[in-house]
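In: Have a look; sequence and predicted model below, questions after that.
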Amino acid sequence: MSETLSTPPGLGQENDKTNAPTTLSTAGAFSLENILGENPDAIEHPGVALPQESATGWDQEETEKPIQEGYCIECEDQPAEVLCEACGDPYCEVCFAAQHRKGSRKQHTVKPLSDKKSKPNGTNGISEVSSKDGDESMKVDEADSGEEEEDEDWERVPGAFVVEVTGAQPAVGARVGEWFVERAKFIPVRLTLPERKFLRLLEAALSVSEYTDKIDTLGFGLSKAKRIVHQIRELCAIMSGLMISADYKRGQELFTDRDFQANAEFYQTVFELGRRHKIMNPDKMRTTYGKLIYLLQDSQMPEVKELLNFSCVSPIKTVYSVLEEHNVLDLLRDDLITIATKEIYSEGRSRRDVQKDIKSKEKAIEILSSRYAQNGLSQEKVRQCLYSIGDNHAFLRANRDPCERMIGYLKQFFHPTQAKDSNSSLAIRSGKGGARLSHDHSKQYAYVLQSLTLWREILHDMFHLWSLAEQDLLSENVPYRLRDTGQGLNRVQAAPKTSRMMHNILHKAQKSVGTWIGSSVIHMGDHNVPNALLFIDKYTQIYRILLPICNTLSQIPSLATKPALRSYIDDEFGSVENCMREILGDFFRHGFDGSGADNFFDAGSCIDGRLTSAWNWCSSLEKKRYFPVFLLSGFIGFDGEW
């Protein structure tokens, strides 16, 4: 954002002819003291150059900057590794694989820009996929083909590059290697009791704040200067309230001299606590986390930073950072850590086995805490790090494991290539039952399998994605633009780090299933997914969809043990198995049918459109004939407690 501020038409001095620009650093009137004074409207900068266009409150788009030489033309933040001779553009391997995976671009030849040897098939190590005979007419550039055409093609997914995502957790007793070291870099540390007191303070302040209502709005005369003034005043009001609530004496001093810089560490700590708590508990702070991130996003603006004289953002305290600070990373390589951090569950197990696991876990925690404790790192802090890793396992069980359970149901109740009867068929047709895609049974089976596999991989690395999303949101070099996206005013901001990680995860999912159906478009920074915050919010909702379905299916056999309910199930569905198959079949058909939007770009078969279709199915559940079965199993809603 430019530091030169302009006076909106009609608000400057009428006879001013100088049109001399005034910067924040030189304008004496535009200061923190005047902004927080009684009459902030008086600092509308007389003598500032009038803009050519009227100020409408929308952030002006910056002129497009040329791509830095030596970097990928697509993602713009990775070194270019190959040059497409047909396109004439340099790409990194990830972007080249994504842009040249099908259509006529698949035939483009490539030349390495480094010491790597060029492959004869022109894909720099990507194995070539032969086209089907008689399908030459379907070869079109992917950039010109919509998701509707892409969905008609099966394609084998070649291996292209090493995906830097962690695999499955090591088994108990196995060698852990570097698995926990890499994982711990993105696992936040569990909050202590004193920290939770400050967290409640922050949540209370954000709950009553009208920050986004005042800032993210359009109106006549709302220039950039006025928006910055609003931002600083609202930000300072929140921080002052936090300070007074925590320490009344220091808060009074803050009101007197407006010296926010003296309390910079306090503000950074409180804001970091809120961010850390949200990452570990996605179901918490559902209305306040957005305000917090947008507030911190505005605080990163150069103009605001210059006036406050400090940054409100500090790095998230992770397990890795705590252990690295005290040089005890070997704790994460100790083979005993799998026992000390494993999650203990009681379903289908005897009480004796559960108690045995609890004692072995407690013993492992005590051994590790005494073994690695040292000056500055107490045993309690070591236990806190181990408990934090255990919290991560609990997160995975609640969020990722429902995807694995649904994959198991898919393989158990449905054949991958042919259906025994109409009730076992997953075939869908566009226009029938609200579907927007047309798939036969085998294609829909593969489409559902790959979608669930992708969701599982995303949730497995959700903490890593969340870390990158916050880096994108709070970046000083990637400004946002306030835009009407058709779903209200949103902050549209590019998310290069999150997008790249998503492409890595997508490629891993594609390789695991072997084939890919539909589009590989990942919406990020557009009118569908305006920024990384909304992207993260979409994928933290997956367990809200799948967990109620899994719980209902798991309780149907126990419901059938009651004679009256067994009679109902037999009369309505024929048997318990048929009841479960009908629920699953309807979800696998119409939860993945491209519905949920009025066009194929917003829903369809793209990566985000698959989740949109699942949400659309949830909204119509009460109209299904098996809805009473959900109610009998204790179903409250897709936003209830399970």
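Out: Cool, the structure landed.
In: Pull the contacting residues for the residue at minimal distance from the centre of the chain.
Out: Centroid-nearest residue in the chain, with C-alpha atoms, centre = their mean: Ile536, separated by 2.1 Å. Counting by C-beta atoms under 8 Å, 6 or more residues apart in numbering, Ile536 makes contact with Leu465, Trp466, Ala469. To be clear about C-beta, it is placed using only N, CA and C from the backbone, and glycine gets the same treatment.
In: swap in Ser245?
Out: By C-beta under 8 Å, 6+ apart, the neighbours of Ser245 are Leu201, Ala204, Ala205, Gly251.
In: Mind doing that once more with 7 Å?
Out: Contact partners of Ser245, counting by C-beta atoms under 7 Å, 6 or more residues apart in numbering, are Leu201.
In: ok so, going back, does the residue nearest to the centre of the chain sit in a helix, a strand or a coil?
Out: Here Ile536 is recorded as helix under DSSP: H, G, I helix; E, B strand; the rest coil.
In: Dihedrals phi and psi, Gln374?
Out: For Gln374, the backbone dihedrals (degrees, to the nearest 10) come out as phi -160, psi -180.
In: Identify the residue spatially nearest to it, adjacent ones excluded.
Out: With sequence-adjacent residues excluded and distances taken as C-beta to C-beta, 6 or more residues apart in numbering, Gln374 is closest to His326, at 6.4 Å.
In: Could you report the neighbour count for that neighbour?
Out: The number of residues packed near His326 is 16, by other C-beta atoms under 10 Å.
In: Repeat that for Asp571.
Out: Neighbours of Asp571 under the rule other C-beta under 10 Å: 8.
In: Number the chain from 101, please
Out: I'll keep to 101 as the first residue from here, and by that count the last item is Asp671.
In: Let me see the mean pLDDT of the helix or strand that contains it.
Out: Using DSSP states H and E, Asp671 sits within helix 663-673. The predicted model assigns helix 663-673 a mean pLDDT of 93.
In: helices or strands up against whichever helix or strand comes after that helix?
Out: Per DSSP H and E, helix 663-673 leads on to helix 676-690 as the next helix or strand towards the C-terminus. Contact partners of helix 676-690 among helices and strands, from 3 or more C-beta pairs under 7 Å, 6 or more residues apart in numbering; DSSP states H and E: helix 501-513, helix 642-659, helix 663-673.
In: Can you list the buried residues in helix 676-690?
Out: The neighbour-count check on helix 676-690 (16 or more other C-beta atoms under 10 Å) flags 678-690 as buried.
In: now, which of the residues you listed sits nearest Gln587?
Out: The closest of those to Gln587 turns out to be His690 (C-beta to C-beta; 23.2 Å).
In: Can you tell me the SS state at the closest residue to Gly586 other than its chain neighbours?
Out: Using C-beta to C-beta, 6+ apart and skipping residues adjacent in sequence, the residue nearest Gly586 is His627, 5.8 Å away. Assigned state for His627: coil (three-state reduction, three-state DSSP).
In: correct me, but His627 touches Gly588?
Out: No. Using C-beta atoms under 7 Å, His627 makes no contact with Gly588, being 11.0 Å away.
In: out of the two, which sits in the more crowded spot?
Out: The residue with more neighbours, out of His627 and Gly588, is His627; 15 against 8, by other C-beta under 10 Å.
In: Backbone torsions only: list them for the more buried one.
Out: The phi/psi pair for His627 (degrees, to the nearest 10) reads phi -70, psi -20.
In: Distance check, it against Asp584.
Out: 9 Å (C-beta to C-beta, to the nearest Å).
In: And for Ser469?
Out: From Ser469 to Asp584 the distance is 54 Å (C-beta to C-beta).
In: what about the two, which has more around it?
Out: A direct count of neighbours by other C-beta under 10 Å for Ser469 and Asp584 places Ser469 higher, at 21 against 12.
In: can I get the buried residues of helix 676-690 in a markdown table with distance to Ile416 and pLDDT?
Out: Output for those, formatted as a markdown table (distance: C-beta to C-beta, whole Å; pLDDT from 0 to 100):
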| residue | distance to Ile416 | pLDDT |
| --- | --- | --- |
| Asn678 | 49 | 93 |
| Cys679 | 45 | 94 |
| Met680 | 42 | 94 |
| Arg681 | 44 | 94 |
| Glu682 | 45 | 94 |
| Ile683 | 40 | 95 |
| Leu684 | 39 | 95 |
| Gly685 | 43 | 94 |
| Asp686 | 41 | 94 |
| Phe687 | 36 | 95 |
| Phe688 | 38 | 95 |
| Arg689 | 41 | 92 |
| His690 | 39 | 92 |
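In: So what's the residue count around Val592?
Out: By other C-beta under 10 Å, neighbour count at Val592 equals 18.
In: and if you look at Ser551?
Out: Residues lying near Ser551 (other C-beta under 10 Å) number 26.
In: pLDDT score for the residue nearest to the centre of the chain?
Out: Per the predicted model, pLDDT is 91 at Ile636.
In: now Asp491
Out: Listed pLDDT for Asp491 reads 92.
In: which ones are touching it?
Out: Counting by C-beta under 7 Å, 6+ apart, Asp491 makes contact with Arg290, Met380.
In: do the one 5 residues further on as well
Out: With contact set as C-beta under 7 Å, 6+ apart, Leu496 has these partners: His560.
In: Relative to Gly490, how far out is it?
Out: Relative to Gly490, and taking C-beta to C-beta, Leu496 is found at 11 Å.
In: Assess the claim that Arg497 and Glu443 are in contact.
Out: Yes. Between Arg497 and Glu443 there is a contact under C-beta under 7 Å: 5.8 Å.
In: Against Val578, how distant is the nearest residue to Tyr509 once chain neighbours are set aside?
Out: The shortest distance from Tyr509 to any non-neighbouring residue, by C-beta to C-beta, 6+ apart, is to Leu684 (5.5 Å). Distance of Leu684 to Val578, computed by C-beta to C-beta: 42 Å.
In: What subset of the contacts of Ile636 is buried?
Out: Going by neighbour count (16+ other C-beta under 10 Å), the contacts of Ile636 have Leu565, Trp566, Ala569 buried.
In: Check the secondary structure at Ser575 for me.
Out: With three-state DSSP as the basis, Ser575 sits in coil.
In: brain fart, Ser567
Out: helix.
In: Let me see the contact set for it.
Out: Contact analysis of Ser567 by C-beta under 7 Å, 6+ apart lists Phe286, Ile416.
In: if we go to 10 Å?
Out: By C-beta atoms under 10 Å, 6 or more residues apart in numbering, the contact set of Ser567 is Lys285, Phe286, Ile287, Pro288, Ile379, Pro415, Ile416, Thr418, Asp561, Lys597, Thr598, Met601.
In: try Glu310
Out: Counting by C-beta under 10 Å, 6+ apart, Glu310 has contacts Glu334, Lys391.
In: and the gap between it and Leu395?
Out: The gap separating Glu310 from Leu395 is 12 Å, by C-beta to C-beta.
In: what does Cys412 give?
Out: For Cys412, the distance to Leu395 - C-beta to C-beta - is 8 Å.
In: ditto for Gly685
Out: Distance, Gly685 to Leu395, using C-beta to C-beta: 46 Å.
In: what's the answer for Ser345, then?
Out: Here Ser345 is placed at a distance of 17 Å from Leu395 (C-beta to C-beta).
In: Likewise for Ser525?
Out: Distance of Ser525 to Leu395, given as C-beta to C-beta: 51 Å.
In: So between those two, which is more surrounded?
Out: Under the criterion of other C-beta under 10 Å, the comparison of Ser525 against Leu395 puts Leu395 first, with 21 against 18.
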